[in-house]
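**Student:** Next come a sequence and a model predicted from it.
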Amino acid sequence: MVESGENPAWLEVLMREKFFNACLVHEEAKKNEKNILCLDCCFSICPHCFTSHTSHRLLQIRRYVYHDVLRLEDASRLMDCSFIQSYITNSAKVVFINQRPPTRQFRGSGNICCTCERSLQSPYLFCSISCKIDDVMKRQGDLSGFLRDCKYLPLTENALDDGLMTPDSTLEPVGSARTSSGSGGYGGVVWCRTLACTAATTEIVRRKRSNSAATCRRITAASSTAPGAPASLLNRRKNTPPQRAPLY
């Protein structure tokens, strides 16, 4: 975790703030989640607070698999994001802000996070910004070589809706997370194909049952109208075994 001192105050807020809570100032308004960090005021705001901070540096927080992330492009303006594993959501690369829950270790190729030992893809060394900050602080004692001087962050009011929780980002299973290398990117396609196959199978079964019922009705109708049909044959119950002929 970031230590207080010479480090910028906005960085501490970024690491510790609980984003996407309702804004108390605009409590009755829709889409009032606090998903923007004002780097100059060092607190989070909602899209309705945007007009009061248009001249400030604003950093938009996004959600991916129920965790806070930053667009890699935005984060790279503020800090060195090299070797932090990135993912793709809504056609944009993102990096996690805080350390992620540990995963079960596996055998095979790949790296592990230098801080929390979470499984990573090669050549990444950190699973989140927080893990890289912890590693830099242990090795160097400060973040002078990690942080970058950024005096402007491009954020327009029309782009704010992108950062809200959307179904295709927050409901995507963790196992189908697409990385920047493209591995695992077919998870959504497999899910769609599974739904399509299930729907097709259901339709086929429904049609077979419908055709079978119609065939039974036609056979019954034909048997009842056939001349000379034995009454015992027409009234025979289903699954009733035939009677054996008498022995002479």
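**Tutor:** All right, it came through fine.
**Student:** mind checking which helix or strand Val13 is in?
**Tutor:** helix 9-16 (DSSP states H and E).
**Student:** C-terminal to that helix, what's the next element?
**Tutor:** That would be, after helix 9-16 and using DSSP H and E, strand 36-38.
**Student:** Partner strands of that following strand and their direction?
**Tutor:** strand 43-45 (antiparallel), strand 58-60 (antiparallel) (DSSP bridges).
**Student:** closest one to Asp80 among those?
**Tutor:** Smallest distance to Asp80 across these (Cβ to Cβ): 16.0 Å, for strand 58-60. Just so you know, the C-beta spots here come from the backbone N, C-alpha and C atoms, and that holds for glycine as well.
**Student:** For Phe20, which residues are in contact?
**Tutor:** 33-35, 61, 63, 68, 165 (Cβ atoms under 8 Å, 6 or more residues apart in numbering).
**Student:** now Cys131, what's its secondary structure?
**Tutor:** Put simply, Cys131 is helix when judged by DSSP: H, G, I helix; E, B strand; the rest coil.
**Student:** Run a quick check on it versus Glu117, I expect a contact.
**Tutor:** No: using Cβ atoms under 8 Å, Cys131 is not in contact with Glu117, being 9.8 Å away.
**Student:** Which parts of this protein are strands?
**Tutor:** Under the criterion DSSP state E, the chain contains strands at 36-38, 43-45, 58-60, 62-64, 67-71, 87-89, 92-96, 111-112, 119-120, 178-179.
**Student:** Of these, which is nearest Phe146?
**Tutor:** strand 92-96 (13.8 Å).
**Student:** so what strands line up beside that closest one?
**Tutor:** strand 67-71 (antiparallel), strand 87-89 (antiparallel).
**Student:** Looking at Thr89 now. What's its pLDDT?
**Tutor:** What the model reports for Thr89 is a pLDDT of 89.
**Student:** Nice, that's everything, thank you.
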